[in-house]
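>>> sequence and computational prediction follow.
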Amino acid sequence: KNQVEQSPQSLIILEGKNCTLQCNYTVSPFSNLRWYKQDTGRGPVSLTIMTFSENTKSNGRYTATLDADTKQSSLHITASQLSDSASYICVVSDVDSNYQLIWGAGTKLIIKP
Amino acid sequence: DAGITQSPRHKVTETGTPVTLRCHQTENHRYMYWYRQDPGHGLRLIHYSYGVKDTDKGEVSDGYSVSRSKTEDFLLTLESATSSQTSVYFCAISELQGYTFGSGTRLTVV
């Protein structure tokens, strides 16, 4: 079964510090990999979308990397801010199931002042 | 969220009753989706629509039905609510740059 696994489940860091969130997937072949940010009580909001041929993509202080050979992606957050407190979700588009999105369970990030 | 609204935002209902959740978009998008989100799980697709009166099942469609009589509205119905359907339900539309989600409906079945 196609899966998307994220680690850690939760993470607490101090404001201003950097952090890296991990995503491992088994979906193959895949069309694209996305990272979403979900604030408490809100719907997910797209941060980045990468095709299988892209290695890195940035969106402000967020940088996503993709290694299609090892089926791993990471999301690096630089100089964290209190507003970065949220869940971060990795999503992979499955070519064989008509591009259905396979969602990870997310990493809950808490930024402390 | 801009262009997509869900109603109600919160609902408590009794086991065995029918419940309808509404999703309304102002973006004229063809594709609309209903997901549920539960702790420890990724979002799971319930049903989706690719046009007026064109719908299809997702991975967790049992116990749910949908209707799309107008481009802007996508309704999700729990035919006879069960406690296992207690969840947060999200509607989404898809665009070239990705999906846009509504703010969700928190449904509690008691």
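Structure's in. What do you need?
>>> use CA for all of it now, contacts and neighbours both
Will do.
>>> and residue B:39, how close does it get to residue A:78?
Remark: distance between residue B:39 and residue A:78 (CA to CA, to the nearest Å) = 27 Å.
>>> so for those two, which residue has more residues nearby?
A count of neighbours by other CA atoms under 10 Å in any protein chain shown puts residue A:78 above the other of residue B:39 and residue A:78, at 15 against 10.
>>> give the contact list for the closest residue to that one other than its chain neighbours.
Nearest residue to residue A:78, sequence neighbours excluded (CA to CA, 6 or more residues apart in numbering or on different chains): residue A:18, at 4.6 Å. The neighbours of residue A:18, taking CA atoms under 8 Å, 6 or more residues apart in numbering or on different chains as the test, are A:76-80.
>>> please apply the same query to residue A:55.
Applying CA under 8 Å, 6+ apart, we find residue A:55 in contact with A:65-67.
>>> please go through those and note which also touch chain B.
Among those, not one lies near chain B by CA under 8 Å from any CA of the partner chain.
>>> paired strands for the host helix or strand of residue A:50, with orientation please.
Using DSSP states H and E, residue A:50 falls within strand A:45-51. Here strand A:45-51 is paired, per DSSP bridges, with strand A:30-38 (antiparallel).
>>> could you list the buried residues of stretch B:101-110?
Of the residues in stretch B:101-110, B:101-109 count as buried by neighbour count, 16 or more other CA atoms under 10 Å in any protein chain shown.
>>> farthest pair in the residues you listed?
Using CA to CA, the two most remote members of these are B:101 and B:109, lying 23.0 Å apart.
>>> contact partners for the closest residue to residue A:20 other than its chain neighbours?
Among residues not flanking residue A:20 along the chain, residue A:76 sits closest, at 4.3 Å (CA to CA, 6+ apart). Contact analysis of residue A:76 by CA under 8 Å, 6+ apart lists A:18-21, A:62-64.
>>> phi, psi for residue A:76 please.
Dihedral angles phi and psi of residue A:76 (degrees, to the nearest 10) take the values phi -100, psi 130.
>>> what bridges to it?
Residues in a beta bridge with residue A:76, per DSSP bridges, are residue A:20, residue A:63.
>>> number of residues surrounding residue B:62?
The number of residues packed near residue B:62 is 12, by other CA under 10 Å.
>>> got the contact list for it?
No contacts exist for residue B:62 under CA under 8 Å, 6+ apart.
>>> wait, is it part of a strand?
No: per DSSP: H, G, I helix; E, B strand; the rest coil, residue B:62 lies outside any strand segment and is coil.
>>> the nearest residue to residue A:86 once chain neighbours are set aside and residue B:42, how far apart?
Spatially, and ignoring its direct neighbours in sequence, residue A:86 is nearest to residue A:39 (4.7 Å; CA to CA, 6+ apart). Applying CA to CA, the value for residue A:39 to residue B:42 is 15 Å.
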